[in-house]
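Student: Dropping a prediction and its sequence here:
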Amino acid sequence: MDKILLFNPRSSTNGRYRVPNSILQVGASVHGLYDYVFVDGNREDDPWSTIEDYLKTGEFKYFGSTVMPGPQLKQAIPYTKKIRALFPEIINIWGGYFASNQYKVCLDSPFVDFVINGPGDKAFPRLLKALEQQEEPLEQIENLIFKNDKGEIIKNRIETLLNQDLLPRLPYEHLDKFYSLDQYFFKTFLGKKTLGYHSSFGCPFTCSFCAVVPIYNARWKGKSAQGIFDDIKKLKDSHGIDAVEFHDNNFFTSRKRVVEFANLMLNKGIEWWGEGRIDTLDQYKDDELELMSESGCRMIFFGAESGDDDMLKQMDKGGKQSAAQILSFAKRLKQFNIVPEYSFVLGFPGPDEQTVMRQIDKDIAFIKKVKEVNPDTEIIIYTYSPVPTEGSDLYEQITKAGFQFPEALEDWLNPAWENFDLRKNPLTPWLTPAMVDKIQNFETVLNAYHPTASDFKVTKVQKQVMRTLSAIRYKWNIFRYPYELKALQKFWLQYRQPEIEGF
Ligand code: B12
Ligand code: SF4
């Protein structure tokens, strides 16, 4: 038999189970062609036993796992390895951001047979057909990376991005047979039943630190406004969803699409959130931002990255983003009642220790300025974790500074690398422990003084207590040893950490 098992390793520990869009879309690509099952690690107490039960039937030939960096590796690596040991006839295929960007280490392991680099909509069914019928040579399958008979890694040509409206519909009903769809729509600050939806691939920019760039290389393609709206409307009618989180890397790339979409969403009682760029949205006119707000746009996530223009240049942000614009745009969004959610990347490499520390201090001061112009701004702080865009200046710089990725796939399971993936502890040689402490302690104090608005569980009283307790630290930049705040955040508030949990 040639059944396929599609696996979404556990990515959520907080009970917010998002629709596993990666494997759902891969499922769509083979729907009606092959029999396939979904196993969602987020919805299983013991996903391995479910996988094992399926494989023991002898009906399966393919195991496909989506893999992003971080906690998903904790199931993806050991399970794929166990499958090789216990069911050696199964062909293991990985896709997703980790697999695409770290394909060498995946294929050098003895248990990952194929990697799909970026979109799998055509590549996956083509690979299966090639393996089943041995007609098409593997070298011709775009977006496929594999090892040839000589053991050489072959990275095939990248496919032109497909017309997203012509892709097969997502098989929500099929997913519902395995896991009740209703439980994927969870409560957020946006609504009671929030849908996670992905409406475009890639991004037209080439920021030097971003994992999207090596895969999409400045390409972007989105579904039409009408297509997105139709999908959302269907799920509102069938499941009562009242909010949408857009998981696109850059939802706002096409202004025309956003305006059309916002018009369609007017008076539908659905609130929404998405990720965009400050310079892109700052070009939107006031009436367009107003329309977005009226259509239910409550908050937008932006990569502000740094308050230093030279640093922004080094990050190759492209476009026109500047420190002045980051501030003025935070102020501008306030009048439309849309909350800017700004993420900053601290701890970029520099020529010497003093420069790196000075930059961290400057970024901290800048973040405080942002809070002054618009206190509602949500701040997310990441410590810089390099992405290997081989050949880029930044990559050269970090390699010269002594940074190296693990050489064996299982080394990624080391807790230090997990922290690296979560952009918490970067393992980068230019950051001293004192710098990492400063970044993390500042974040603790900031979160106490300005608690996040997207954590609806935190009460007004709790916010007030935290603010009072952290006021002196925040005002006078006393960030060291904030144990009292850390303890309260952990045990009393059970504080949501978007930077770890993912938005
Ligand atoms: C939703 C999401 C999450 C969810 C979990 C999703 C899940 N699977 O359960 C949550 C919020 C938990 C999450 C967390 C994290 N995430 Co996340 N996440 C995303 C996001 C926004 C969407 C993923 C998605 O559903 N895409 C839609 C699908 C359709 O696209 P796709 O995954 O690319 O799938 C296509 C292809 O890649 C391929 N494919 C994918 N899988 C497979 C499998 C097989 C077998 C095949 C054949 C093909 C294939 O085919 C698909 C269809 O064409 C992406 C960004 C993005 N826009 O994709 C970031 C992203 C993947 N996350 C990222 C990161 C870093 C994280 C975190 C590790 C850290 C963080 N701070 O955010 C945390 C980890 C925490 C944790 N507990 O795991 C980064 C990865 C960067 C990198 N260096 O590789 C991304 C790219 C965001 C970014 N731009 O930085 N994330
Ligand atoms: S704009 Fe965002 S998604 Fe696009 S390349 Fe830069 S960081 Fe990546």
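Tutor: That came through, no problem. Numbering: from 1, shown residues only. Ligands and ions are numbered 1, 2, ... in the order given.
Student: Quick check: buried residues in stretch 49-59?
Tutor: Within stretch 49-59, the residues scored as buried using 16 or more other Cβ atoms under 10 Å are 50-51, 54-55. In this view, the C-beta of every residue, glycine as well, is placed from N, C-alpha and C.
Student: And for stretch 185-203?
Tutor: Those buried within stretch 185-203 under the rule 16+ other Cβ under 10 Å are 185-186, 188-191, 193-203.
Student: still on that earlier bit, okay, and which of the buried residues of stretch 49-59 map to helices?
Tutor: 50-51, 54-55 (DSSP state H).
Student: any chance of the residues you listed in a markdown table, with distance to ligand 2 and pLDDT too?
Tutor: A markdown table is the format used below for those (distance: Cβ to the nearest ligand atom, whole Å; pLDDT from 0 to 100):
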| residue | distance to ligand 2 | pLDDT |
| --- | --- | --- |
| Thr50 | 34 | 98 |
| Ile51 | 32 | 98 |
| Tyr54 | 35 | 98 |
| Leu55 | 36 | 98 |
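Student: What ranges does the stretch 51-200 of the chain have for its strands?
Tutor: 60-66, 91-95, 114-116, 144-147, 153-155, 194-197, 200-202 (DSSP state E, counting those that start in this stretch).
Student: deepest of these, which one?
Tutor: Among the strands of the stretch 51-200 of the chain, strand 114-116 has the highest mean neighbour count (mean count of other Cβ atoms under 10 Å), at a mean of 27.
Student: is it anywhere near ligand 1?
Tutor: Yes - using Cβ under 6 Å from any ligand atom, we find that strand 114-116 touches ligand 1 at Ile116.
Student: Direction included, what does that strand pair up with?
Tutor: Using DSSP bridges, the strands paired with strand 114-116 are strand 91-95 (parallel), strand 144-147 (antiparallel).
Student: ok and the residue in the stretch 201-350 of the chain nearest ligand 1?
Tutor: Closest residue of the stretch 201-350 of the chain to ligand 1, Cβ to the nearest ligand atom: Ala211 (3.2 Å).
Student: I'd guess that residue is in a strand, am I close?
Tutor: No - applying DSSP: H, G, I helix; E, B strand; the rest coil, one finds Ala211 to be coil, outside a strand.
Student: Skip ahead from the helix or strand hosting Ala365 and say which helix or strand is next.
Tutor: Element membership for Ala365 (DSSP states H and E) is helix 353-373. Using DSSP H and E, the helix or strand that directly follows helix 353-373 along the chain is strand 378-383.
Student: now for that following strand, which elements pack on it?
Tutor: In terms of contacts (3 or more Cβ pairs under 8 Å, 6 or more residues apart in numbering; DSSP states H and E), strand 378-383 is packed against strand 339-346, helix 353-373, helix 433-449, helix 498-501.
Student: Identify each buried residue in the third one, please.
Tutor: Going back to what we said before, that points to helix 433-449. Here helix 433-449 shows 435-436, 438-449 as buried, counting by 16+ other Cβ under 10 Å.
Student: do it and ligand 1 meet at all?
Tutor: No - Helix 433-449 stays clear of ligand 1 (Cβ under 6 Å from any ligand atom), getting no nearer than 13.1 Å.
Student: Report the angle between whichever helix or strand comes after that helix and helix 433-449.
Tutor: Helices and strands here follow DSSP H and E; after helix 433-449, the next one along the chain is helix 460-476. Angular relation of helix 460-476 and helix 433-449 on a 0 to 180 degree scale: 140 degrees, by axes from the mean of the first three to the mean of the last three Cα atoms, to 10 degrees.
Student: Kindly report the residues of the stretch 101-250 of the chain close to ligand 1.
Tutor: 101, 116, 118-121, 124, 196, 198, 211-212, 247-249.
Student: Lowest-confidence entry in those residues?
Tutor: In terms of pLDDT, the weakest of these is Ala211, which scores 88.
Student: Residue ranges of each domain in the protein, please.
Tutor: 3-146, 185-389 (automatic domain parsing).
Student: Throw these into CSV and include distance to Asn156, thanks.
Tutor: Putting the domains of the chain into CSV (distance: least, Cβ to Cβ, whole Å) gives the following:
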stretch, distance to Asn156
domain 3-146, 5
domain 185-389, 13
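Student: looking at the protein, which residue lies furthest from center?
Tutor: The centre of the chain is farthest from one residue, Glu135, which by Cα atoms, centre = their mean lies 36.2 Å away.
Student: ok, which residues in the stretch 351-500 of the chain are in contact with ligand 2?
Tutor: Counting by Cβ under 6 Å from any ligand atom, no residue of the stretch 351-500 of the chain is near ligand 2.
Student: Pass me the low-pLDDT residue ranges in the stretch 351-500 of the chain, would you?
Tutor: 386-394, 419-427, 495-500 (pLDDT under 70).
Student: Let's see that with 80 instead.
Tutor: For the stretch 351-500 of the chain, the stretches flagged by pLDDT under 80 are 385-404, 415-429, 452-458, 491-500.
Student: if we can go back for a sec, export the strands of the stretch 51-200 of the chain to CSV and tack on distance to Trp417?
Tutor: CSV is the format used below for the strands of the stretch 51-200 of the chain (distance: least, Cβ to Cβ, whole Å):
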stretch, distance to Trp417
strand 60-66, 18
strand 91-95, 17
strand 114-116, 19
strand 144-147, 22
strand 153-155, 22
strand 194-197, 26
strand 200-202, 27
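Student: Pull out the buried positions in the helix holding Ala365.
Tutor: In helix 353-373, counting by 16+ other Cβ under 10 Å, buried: 356-357, 359-360, 362-364, 366-368, 370-371.
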